[in-house]
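> need the 3D shape of this:
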Amino acid sequence: MQRVAAAVLVIIVGVVSLAAVGCVDEKKYNAVLLRNREQEKLLAEKDSQVATLNERVAALTARAGDVNRIITEKDDLISSLKQERDATRRAFDELTKAYKDLATMPKPFSGVGIPEKVAIEIQALAQQYPDVFDFDAATGRLRFKADLTFDSGSDAVKPDAKAALTKLGGILTSDAARSLRINIVGHTDNDPVKKAGTIARLKELGKAPTNQGLSEARAEAVAAALKDARVEAARIATKGVGEAQPMAPNASAEGKAKNRRVEIFLSQ
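Numbers count the residues shown, from 1 in each chain. Model (predicted):
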């Protein structure tokens with residue numbers, strides 16, 4: 001822009017000089033005048049471009065301010081969310097501890113008539129095998145998780161579950177527990193029996209190759225483990241209900257896992 005202004009100044013000076021001499025060729029004068037107008041036009045265009053660039057710089061500066069503000073707000077939000085997350089985690093840890101403390105406390109005994117000594121012994125056994133079964137003293141129910149008690153499609157009791165059932169048999173043959181009746185119920189999810197080995201095993205046992213047959217076979221396998229631990233057969237009853245009594249919807253793998261179970265009910 002400075003060069004353009006200088007050029008215009010030179011032209012103006014030339015014109016003035018020619019005028020001062022008093023002898024100006026008209027063609028030269030017109031040529032100088034035309035160049036002056038072109039330079040003025042060029043100068044105006046450059047001024048317009050500079051104005052446009054200034055506007056763009058101002059807009060970018062404003063946007064940069066907005067971006068900085070957004071980044072600051074984002075950092076504040078992240079900090080706030082982290083604080084909420086930490087508070088939630090602390091609350092969850094406190095609830096988990098409270099739940100564990102509650103789980104280790106003796107539960108109230110209700111109308112099923114389980115002697116307190118027997119219930120306490122079974123609770124202690126459940127704490128030794130938390131992944132295998134849980135015990136509800138108020139209802140007299142022991143719930144064995146099928147996936148940890150049996151291999152998929154099998155009625156053979158796994159070693160850990162077998163050990164837990166053997167120790168349970170020792171409790172149930174004690175003098176304090178001899179009057180208790182033992183009702184064993186097998187449950188499945190709603191997946192149909194498909195494995196050739198399972199179908200062959202159920203037919204070998206005289207069972208239908210269905211979830212009903214599998215639930216019956218597993219209930220009887222748990223009963224056999226208790227009998228091996230010297231629990232009297234006359235005290236034990238078994239049945240299978242297949243998929244008829246789900247604990248949870250069979251719409252998810254987690255729900256199906258809850259439904260695959262064998263329950264033992266103790267009562268007078």
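> now the helices for the stretch 1-150 of the chain?
Under the criterion DSSP state H, counting those that start in this stretch, helices of the stretch 1-150 of the chain are mapped to 2-21, 26-104, 116-128, 146-149.
> identify the residues contacting Val262.
Taking Cβ atoms under 8 Å, 6 or more residues apart in numbering as the contact definition, Val262 lies against Arg143, Phe144, Ala146, Thr149, Ile184, Val185, Gly186, His187, Arg218, Ala219, Val222. Any C-beta I mention is one placed from the backbone N, CA and C, and that applies to glycine too.
> next one: phi and psi at it?
Recorded main-chain torsions at Val262 are phi -130, psi 130, according to degrees, to the nearest 10.
> nearest residue to it in space, please, no chain neighbours.
Nearest residue to Val262 in three dimensions, chain neighbours excluded: Phe144, at 4.5 Å (Cβ to Cβ, 6 or more residues apart in numbering).
> quick one on the thing from earlier: out of the helices of the stretch 1-150 of the chain, which comes closest to Lys256?
helix 146-149 (9.5 Å; Cβ to Cβ).
> by contact count, what packs against that closest one?
helix 159-172, helix 211-228, strand 261-267 (3 or more Cβ pairs under 8 Å, 6 or more residues apart in numbering; DSSP states H and E).
> re earlier: ok, of the contacts of Val262, which come out buried?
Taking 16 or more other Cβ atoms under 10 Å as the criterion, what is buried in the contacts of Val262 is Arg143, Phe144, Ala146, Thr149, Ile184, Val185, Gly186, His187, Arg218, Ala219, Val222.
> ok, so of those residues, who is nearest Ser79?
Taking Cβ to Cβ as the measure, Arg143 is the one of those closest to Ser79, at 44.4 Å.
> what's near enough to touch the closest one?
Taking Cβ under 8 Å, 6+ apart as the contact definition, Arg143 lies against Phe133, Asp134, Phe135, Asp136, Arg261, Val262, Glu263, Ile264.
> that one pairs with what?
According to DSSP bridges, the partner residues bridging Arg143 are Asp134, Glu263.
> how close does it get to Arg235?
In this structure, Arg143 and Arg235 are separated by 19 Å, where distance is defined by Cβ to Cβ, to the nearest Å.
> before we move on, what about Asn250?
With Cβ to Cβ as the criterion, Asn250 and Arg235 are 33 Å apart.
> who's in contact with the residue nearest to Val262?
If a contact means Cβ under 8 Å, 6+ apart, then Phe144 has Val132, Phe133, Ala161, Val222, Arg261, Val262, Glu263, Ile264 as its contacts.
> which segments of this protein make up each domain?
By the assignment in automatic domain parsing, the chain contains the domains 2-102, 107-267.
> looking at those, which has the lowest confidence?
Looking over the domains of the chain, mean pLDDT reaches its minimum on domain 2-102, with a mean of 74.
> just how off-centre is that domain within its chain?
A distance of 48 Å separates the centroid of the chain from that of domain 2-102, by Cα atoms, centre = their mean, to the nearest Å.
> now stretch 120-136
On the basis of Cα atoms, centre = their mean, the separation between the geometric centre of stretch 120-136 and that of its chain is 28 Å.
> just the terminal-to-terminal distance for it.
Using Cα to Cα, to the nearest Å, the end-to-end distance of stretch 120-136 comes to 11 Å.
> before we move on, what about stretch 165-184?
12 Å.
> and it, how far from the chain's centre?
The mean C-alpha position of stretch 165-184 is separated from the chain mean by 40 Å, Cα atoms, centre = their mean.
> kindly report the same for stretch 181-200.
Distance, stretch centre to chain centre, for stretch 181-200: 29 Å (Cα atoms, centre = their mean).
> how many residues are close by Ile120?
Residues lying near Ile120 (other Cβ atoms under 10 Å) number 16.
> kindly report the same for Asp151.
Using other Cβ under 10 Å as the criterion, Asp151 is surrounded by 11 other residues.
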